[in-house]
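Engineer: fold the stuff below for me.
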Amino acid sequence: MIINWQKEITKIDPDMKFRSKGGWLKTVEELDKSVKNGYSLVGDFVKAGNFEEEYNEGIYLDCNKEKNGRKTQQDYRLFRFRDGKVRLLDMVIDGGNSWAVDLWDAVEDEL
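Structural biologist: Sure, this is the predicted structure:
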């Protein structure tokens, strides 16, 4: 289905400053608990932004980087795209070293 990623997720989180300092989007197809960082969320990077793009149903991890005072903050949001709707599953705001591990329960519930 064709959606505008920026439009969809800023509907869910209107306070988000979408990609003000960069970011990325990837699918999440499996969980690899042998590593404790972002590589534990296994999937492919996909294009996302303020344009229409074709997306398959599934789980998506969005990393949005935005300025917070003097530093750049990285926020991670886990979404489920199904039946033409994007639903927030979990998020980690200003993620530290264990941000991926903090999302494992939500990923396991959806896989």
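Engineer: going by C-alpha atoms from here, please, whenever you check contacts or count neighbours.
Structural biologist: Noted.
Engineer: for this protein, which helix extends over the most residues?
Structural biologist: helix 99-110 (DSSP state H).
Engineer: now F79: how far from R70?
Structural biologist: Look at F79 and R70: by CA to CA, to the nearest Å, they are 28 Å apart.
Engineer: and those two? Which one has more around it.
Structural biologist: The neighbour comparison of F79 against R70 (other CA atoms under 10 Å) goes to F79, with 24 against 6.
Engineer: could you find the closest non-adjacent residue to that one?
Structural biologist: With CA to CA, 6 or more residues apart in numbering as the criterion, F79 has its nearest non-adjacent residue at 4.6 Å, and that residue is L88.
Engineer: could I get the full set of strands for this structure?
Structural biologist: For the chain, the strands defined by DSSP state E occupy 2-4, 23-28, 30-31, 41-42, 45-46, 52-54, 58-68, 71-82, 85-92.
Engineer: so who does the residue nearest to F79 touch?
Structural biologist: Residues in contact with L88, defined by CA atoms under 8 Å, 6 or more residues apart in numbering, are 12, 77-80.
Engineer: quick check on the residues you listed: which are buried?
Structural biologist: Buried members of the contacts of L88, counted by 16 or more other CA atoms under 10 Å: 77-80.
Engineer: what pLDDT does the most centrally placed residue in the chain get?
Structural biologist: By CA atoms, centre = their mean, the mean C-alpha position of the chain lies nearest to D62, the distance being 1.9 Å. pLDDT, D62: 96.
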